[in-house]
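> Just a sequence and a predicted model for now, questions to come.
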Amino acid sequence: MGLKIALIFARAELRRGTRIKHFMVPPHGLQILSALTPQQHQVTIIDEYHHLADPDLDADLIGISIWTAAAGRGYALADHYRRRGIPVILGGPHIWVCPEEALTHADSVLVGEAESSWARLLADFQAGELKPRYDSQPLPLDETPAPDWSIIHPNDYIIRISPSTTRGCARSCDFCYESCRPKPNFRQRSLDKVLAEIDARPYPVIAFLDNDITVNRNFARQLFTALIPRKRRWLGMTSIELANDEDMLDLMARSGCRSLFVGFESVIPESLGEVHKRCNRVDDYLRNVRRIHERAIMVNGSFVFGFDHDDARVFENTVRFGIEARLETATFTVLTPYPGTTLHKRLQAEGRIFDRDWSHYDTTRAVFRPQRLSVDELEAGYFEAYRRFYSWSSIFERCRPNEPGFAQRLFLNMAYKRVEPVYGLLGNPIPAGWLRFLFNWYAAPYQMPQVKEVELLTPECSRKGYGD
């Protein structure tokens, strides 16, 4: 007998955030769960960043995926549906590290990756023998199915293909959820599986979901070489150290790379060492961004404020770097000690965590006492960094009006921080898929001239560094 299964991605109410990113790709983990579900069952995915879950939802079983800032919303949903007599399974990053807490709101919790447990969980449920906890063990990625796109409405998301070539991380940054997981946890899919997924969805722009698409350099070279004749464009995440390898950058450009999300994390070398992000070298930042730009690849820089070595100058220095490096966009966050991470354990032992309201763990609030900043200074500096970086003067300085690609870079900044709030205020009046033609235009290639090193490395910055 088939079940009606609803899988919900719980929404966090962010104090400040760009919601448009939630309209780019579907919740990948729920797509995998749907693909793992036997065909006799009917699966519905509800992404609460699109539509809040119906309180009167008709389902035999409900699964809710929760990250820390959404824990309050996820638990409230679970409590509501259980009062209606519908069994609820909780999973996701927060549940992995707080399973006992979650069990007070659920009939069962799924801890870890779902591949090794989901079928067993469903069979137990149908037999009336659902266990309170299922601990999943990591499996080889080739045993994981491709995400199920059949249940995703084509106009709900802008990008129509978002493969993952790896899972886990080869690094151990203290503030990342990956630091919660036993090492080694990095795994690689085989190239033929990745290419088969890509070929099955012949859309022009690919969004790779890997934490670092180039961490396995040999595999990356094979993948990028295989992408060249396919003539697709792609976006991905990587580290800034990648640009030490100019041959790899050339190959990425030829393969269709158009934009990279790069975790700079900090412009303070001591802060990078503090959280074990030693692969980043601040002295190489400007040079490496220039190398990426020379290949007509855009850079979205990610920065974190609140490390123990950060003082009141970190906000100005970070924005100054972003403008001088001409980053197309930047994402700023407040250092957040997610439960289970090495950072959380350290700050907890030092008695510095004062806020345990999970809804505040959204990377916009200080939930611990910084070392060289007050709580108010950290939060005010975070908001001021966003204001300055996306000011009109900054946008036109970074977007380079006299160079090819100006219109695309300007569009990106406008969409990212200026048009998107209006779109949300109006209640998302246009389906995300209707905007796909604009995104495909933004991702179209343009020819960019060589940028001379002297244009980026000013004598002051090359001598002193941005942490001075």
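Ah, there it is. Just so we're clear, the structure is a prediction, and the values are computed from it rather than from any experiment.
> my read: Arg233 touches Val205, true?
Yes. With contact defined as Cβ atoms under 8 Å, Arg233 counts as touching Val205 (5.1 Å). To be clear about C-beta, it is placed using only N, CA and C from the backbone, and glycine gets the same treatment.
> more neighbours, the two?
When Arg233 and Val205 are compared on other Cβ atoms under 10 Å, the one with more neighbours turns out to be Val205, at 22 against 19.
> Quick one, grab the pLDDT at the more buried one.
According to the prediction, Val205 has pLDDT 96.
> I'd like to know how far it sits from Gly92.
Val205 sits 27 Å away from Gly92, going by Cβ to Cβ, to the nearest Å.
> Mind splitting the chain into its structural domains?
Following automatic domain parsing, one gets these domains for the chain: 4-141, 158-464.
> quick revisit: who touches both of Arg233 and Val205?
Arg258, Ala443 (Cβ atoms under 8 Å, 6 or more residues apart in numbering).
> related to what we said a few turns ago, mean pLDDT for the domains of the chain: which is lowest?
If you rank these by mean pLDDT, domain 158-464 sits at the bottom with a mean of 86.
> And the helices in the stretch 301-450 of the chain?
314-324, 342-349, 375-389, 392-399, 406-413, 420-425, 436-442 (DSSP state H, counting those that start in this stretch).
> Can you tell me which helices and strands the third one packs against?
So the one you mean is helix 375-389. The contact analysis (3 or more Cβ pairs under 8 Å, 6 or more residues apart in numbering; DSSP states H and E) places helix 375-389 against strand 298-305, helix 314-324, strand 329-334.
> redo that, cut-off 6 Å
helix 314-324, strand 329-334 (3 or more Cβ pairs under 6 Å, 6 or more residues apart in numbering; DSSP states H and E).
> Which among these is found nearest to Gly351?
Among the helices and strands packed on helix 375-389, strand 329-334 comes nearest to Gly351, with 19.3 Å by Cβ to Cβ.
> For that closest one, which strands pair with it and how are they oriented?
When sheet partners are counted by DSSP bridges, strand 329-334 sits next to strand 298-305 (parallel).
> between the partner strand and helix 314-324, how many degrees?
170 degrees (axes from the mean of the first three to the mean of the last three Cα atoms, to 10 degrees).
> how many degrees apart are strand 298-305 and helix 406-413 in direction?
30 degrees.
> State the distance from Ile206 to Phe261.
14 Å.
> whoops, I mixed them up, Met1
Met1 is 44 Å from Phe261, by Cβ to Cβ.
> and the two? which has more neighbours close in?
Higher neighbour count among Met1 and Phe261: Phe261, with 17 against 6, using other Cβ under 10 Å.
> Just say helix, strand or coil for the more buried one.
strand (DSSP: H, G, I helix; E, B strand; the rest coil).
> who are the neighbours in contact with it?
Taking Cβ atoms under 6 Å, 6 or more residues apart in numbering as the criterion, Phe261 is in contact with Met237, Asn300.
> please begin residue numbering at 327 from this point
With the count now opening at 327, the last piece we talked about shows up as Phe587.
> For it, give the beta-bridge partners.
Here Phe587, judged by DSSP bridges, has bridge partners Met563, Asn626.
> hang on, Ser360 packs against Val369?
Yes. Counting by Cβ atoms under 6 Å, Ser360 touches Val369, with 4.6 Å between them.
> Can you report phi and psi for Arg493?
Reported as degrees, to the nearest 10, the phi and psi values for Arg493 are phi -140, psi 150.
> Pull the contacting residues for the nearest residue to it once chain neighbours are set aside.
Distances taken as Cβ to Cβ, 6 or more residues apart in numbering put Arg513 closest to Arg493, at 5.2 Å, once the chain neighbours are dropped. If you count contacts by Cβ under 6 Å, 6+ apart, Arg513 has them with Leu467, Arg493, Gly494.
> Of those, which is the nearest to Arg616?
Gly494 (31.0 Å).
> Just say helix, strand or coil for the residue nearest to that closest one when sequence neighbours are not counted.
Excluding the flanking residues, the one nearest Gly494 by Cβ to Cβ, 6+ apart is Asn511, at 3.7 Å. Put simply, Asn511 is coil when judged by three-state DSSP.
> How many residues are close by Asn511?
Residues near Asn511, counting by other Cβ under 10 Å: 14.
> mind checking how far it is from Pro458?
From Asn511 to Pro458 the distance is 25 Å (Cβ to Cβ).
> and what of Glu620?
56 Å.
> Neighbour count: those two, which is higher?
Glu620 (17 against 10).
> related to what we said a few turns ago, so which of the helices of the stretch 627-776 of the chain is the most packed in?
Comparing those by mean neighbour count (mean count of other Cβ atoms under 10 Å), helix 640-650 ranks first with a mean of 22.
> okay, the angle between it and helix 701-715?
Going by the same axes, to 10 degrees, helix 640-650 makes 20 degrees with helix 701-715.
> can you give me the angle helix 640-650 makes with helix 718-725?
Going by the same axes, to 10 degrees, helix 640-650 makes 50 degrees with helix 718-725.
> how far does helix 640-650 sit from the chain's center?
Relative to its parent chain, helix 640-650 has a centroid offset of 22 Å by Cα atoms, centre = their mean, to the nearest Å.
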